[in-house]
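Novice: Sequence and predicted structure below; questions after.
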Amino acid sequence: MPQRVPAAFGLLALVALGIGALLRDRLQWYDAYAEVFVTGLHSGLALRDARTISEVGPYFASAMVIVAWFVARRRGAALGELARPLVTLGFALLCVEFLKLAVYRDRPFTLGSVQHDSFPSGDTAQVALCAAAALHLSALRRMAHDWLWPSIALVGSVTAIAIAFSRVYLDRHWVSDVTASLLIGLLFWGLAPRWVVSLRRLAVVITAVVVMVMAGPRFVLPSPMAFDDEHYLELPVGAVGLPPESPGERMPATWTFRTALARYPLVHFELVTPGDDAPSCLWLDLDLDRNRVASVPLAPRRDTYALPLPRLTPGLHRVRLQTRERCGHSLHPVPSFRVARVSIEGVTGHFIARF
């Protein structure tokens, strides 16, 4: 393959990362929209498969690098040639770790002490970077009708995309996190052969990582999980209880409000559920002006949700939250919950009434 092709892909990845940085204020809306779509696909079997892919994927990517190294060595590549892609890979992994330490972003799901390092996805970046390094190694001594390079390209791409999807599916990362990691891998594949990793650059990155560990993150990337939008409308809840009307059905809580300005609105709310686990077949629906705009399953031990709204026009609107049972059988008993907090992010306006 001509060297111009990887370089072109690398430049495209760099441009895409730059566009994402410019549109970072809109990322939380797209992330919330994608999360609602992905969580609607959840099932017990698929969750187990996604966990397996997420756990095995990084080891599989490392194995690709080892196989490519041995094949290139058997084909006559010198140790110096083989060392350069590995050193560059280590340098790139350190840069990804620096990004994770420097950027403060809430994950979709509370993970205890490691819930603010969502960007970028480390597992996805590791797999994408390892696949790119394996491609560099396999390209050192290519043969006529070579099977190694296209095989690594296909398997590495599929593995990286599968890992990215599994991280979003398991509520461990936002779509923008894994997308950035895939673009970093593409950037590495396209431009790494032109990098010169010196001891000075390596020392700078290691020092930056140490400083970030000691000082903490310096950049904040908006997350749908954070009540941090400067334009928002807080809806009063008080002690809004949602008692069960019948097994599997909940009485809705409704708010009416008037908007003056709306950008990319999100309904951000916190729930209080009795007990430790919410039933797996209990879903929460969000209606806007009598139209259903989002539905998500209530996950165990999760109390914060962010659901995207369509672009709101200035005027009067009504939102309603209600739960429903999606199983084919009744739950006995169906746990009740109450709304602890509701905020519409990305809008300005005022509250009118609650029902």
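Specialist: That came through, no problem.

Novice: what sits opposite residue 324 in the beta ladder?
Specialist: Counting by DSSP bridges, residue 324 forms beta bridges with residue 249, residue 283.

Novice: Tell me how many other residues crowd it.
Specialist: A count of nearby residues for residue 324, using other CB atoms under 10 Å, gives 13. Yep, even glycine has a C-beta here, placed from its N, CA and C like the rest.

Novice: got the residue ranges for the strands in the stretch 151-300 of the chain?
Specialist: 219-220, 232-235, 241-242, 244-246, 249-250, 253-272, 282-288, 291-297 (DSSP state E, counting those that start in this stretch).

Novice: could I get the second one in CSV with only the CA atoms?
Specialist: Think strand 232-235. Only the C-alpha atoms of strand 232-235 are listed here, as CSV (Å, rounded to 0.1, in the frame of the first residue of the first chain):
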residue,chain,number,x,y,z
TYR,A,232,-30.9,25.0,32.5
LEU,A,233,-34.4,25.0,33.9
GLU,A,234,-34.8,23.3,37.3
LEU,A,235,-38.3,21.7,37.8
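
Novice: Which residues does that strand contact?
Specialist: 255, 257, 259, 319, 342-351, 354 (CB atoms under 8 Å, 6 or more residues apart in numbering).

Novice: What residues sit buried inside it?
Specialist: 232-233, 235 (16 or more other CB atoms under 10 Å).

Novice: wait, which of those is closest to residue 86?
Specialist: Minimum separation from residue 86 among those (CB to CB) is found for residue 232, which lies at 48.0 Å.

Novice: Name whatever forms a beta bridge with that closest one.
Specialist: For residue 232, the beta-bridge partners are residue 345 (DSSP bridges).

Novice: Local confidence estimate at it?
Specialist: Residue 232 carries a pLDDT value of 79.

Novice: Distance-wise, check the closest residue to residue 285 other than its chain neighbours relative to residue 341.
Specialist: Spatial nearest neighbour of residue 285, excluding adjacent residues (CB to CB, 6 or more residues apart in numbering): residue 295 at 4.9 Å. Per CB to CB, to the nearest Å, residue 295 is found 20 Å from residue 341.

Novice: can you check residue 97 too?
Specialist: Separation of residue 97 from residue 341 (CB to CB) stands at 34 Å.

Novice: ok, the two, which is more surrounded?
Specialist: The neighbour count for residue 97 versus residue 341, taken as other CB under 10 Å, is higher for residue 97 (19 against 16).
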